[in-house]
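J.: Sharing a model that was predicted from the sequence below.
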Amino acid sequence: MATQKKTAEVDYSMQEKIMALYELQQIDSRIDGINKVKGDLPLEVRDLEDEVAGIGTRIEKIESEIEELNTLTRQRKRETDQARIMIGNYKEQQNNVRNNREYDAITKEIEYQELEIELADKRLKEYAVAIKSKKQQLEEAEALCRERTADLEAKKDELKSIEAETAPQVAEFSAQAQKIKTKIDERLLTAYGRIRRNVHNGLAVVTVKRDACGGCYNRIPPQRQADIRSGKKIIICEYCGRILVADSEPAHK
């Protein structure tokens, strides 16, 4: 009894490799069809992950800005306290001055410290307004983050549910694809994968139907069709770059 399963060491003919490529395409198309059930969910999940990460970065920036304002507030308050202490010291010194020149000099120092206090008070009010605004921005960003995180978790759960439901089929088809790949050399598999990535519908291998490419529907000359049917070499559509195979179904007149 002949062995039904060929091994990887078998030297397959070009025609067998071409038909294996077509079988692989049919299986990959079935997997593509299953993946279409997911719709835009994978893209939506990635977009939401990016958005949540972006909001997280914004929250960190706002928190850093609030901390910087708090640090400046503490610094200005220390400067104000120090200025008041110095004013108190200067006023005591005024009581012990020996002449008007010393009195005037201390008075100028007191006025300078009072101006420093006024400036610090102005800055403190500005910091307070800025902190209030930043805290409001922080609350809004945190609320948005919670909202988007909830959306993300819901989308992830939906995607996981679909993947769990379709996983057995995908695993079965993937196993079939791996078996078929043993008939195809690495060079052809690489070319097949490259074409699949470059075409919008993932069809790298198509049949010739009604004298036209099954991918782009451009006419294929009779001699080229004869070469395709012979299966002696890989024939590429000169218009779309797909691999062409003969249609196994008889043409209906």
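T.: Perfect, thanks for sending it.

J.: Flag the shaky bits of the stretch 101-250 of the chain, pLDDT-wise.
T.: 249-250 (pLDDT under 70).

J.: Going by residue numbers, what spans are strands in it?
T.: With DSSP state E, counting those that start in this stretch as the criterion, the stretch 101-250 of the chain has strands at 205-209, 212-213, 235-236, 243-246.

J.: Kindly reformat these as TSV containing distance to residue 187 and mean neighbour count.
T.: C-beta: built from backbone N, CA, C; applies to glycine. Compiled in TSV, those are given as follows (distance: least, CB to CB, whole Å; neighbours: other CB atoms under 10 Å):
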stretch	distance to residue 187	mean neighbour count
strand 205-209	15	20
strand 212-213	22	18
strand 235-236	14	17
strand 243-246	13	22
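
J.: is it possible to export those to CSV including distance to residue 67?
T.: Converted to CSV, those look like this (distance: least, CB to CB, whole Å):
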stretch, distance to residue 67
strand 205-209, 60
strand 212-213, 64
strand 235-236, 62
strand 243-246, 61
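
J.: Out of those strands, which is closest to residue 222?
T.: Shortest separation from residue 222 across these is recorded for strand 205-209, at 10.7 Å, computed as CB to CB.

J.: so what strands line up beside that closest one?
T.: Using DSSP bridges, the strands paired with strand 205-209 are strand 212-213 (antiparallel), strand 243-246 (parallel).

J.: Identify the residues contacting the shortest one?
T.: This points to strand 212-213. 206, 218, 219, 220, 237, 239, 240, 242, 244 (CB atoms under 8 Å, 6 or more residues apart in numbering).

J.: So what's the gap between that strand and the chain middle?
T.: 37 Å (CA atoms, centre = their mean, to the nearest Å).

J.: can you check stretch 123-137 too?
T.: 34 Å.

J.: got the CA positions of that stretch in PDB?
T.: What follows is stretch 123-137, C-alpha atoms only, in PDB (Å, rounded to 0.1, in the frame of the first residue of the first chain):
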ATOM      1  CA  ARG A 123       3.300  85.100  43.500                       C
ATOM      2  CA  LEU A 124       1.500  83.000  46.200                       C
ATOM      3  CA  LYS A 125      -1.900  84.200  44.800                       C
ATOM      4  CA  GLU A 126      -0.700  83.300  41.300                       C
ATOM      5  CA  TYR A 127       0.500  79.800  42.500                       C
ATOM      6  CA  ALA A 128      -2.900  79.200  44.200                       C
ATOM      7  CA  VAL A 129      -4.800  80.000  41.100                       C
ATOM      8  CA  ALA A 130      -2.500  77.800  39.000                       C
ATOM      9  CA  ILE A 131      -2.800  75.000  41.500                       C
ATOM     10  CA  LYS A 132      -6.500  75.200  41.500                       C
ATOM     11  CA  SER A 133      -6.600  75.100  37.700                       C
ATOM     12  CA  LYS A 134      -4.100  72.200  37.600                       C
ATOM     13  CA  LYS A 135      -6.100  70.200  40.100                       C
ATOM     14  CA  GLN A 136      -9.200  70.700  37.900                       C
ATOM     15  CA  GLN A 137      -7.300  69.500  34.900                       C
END
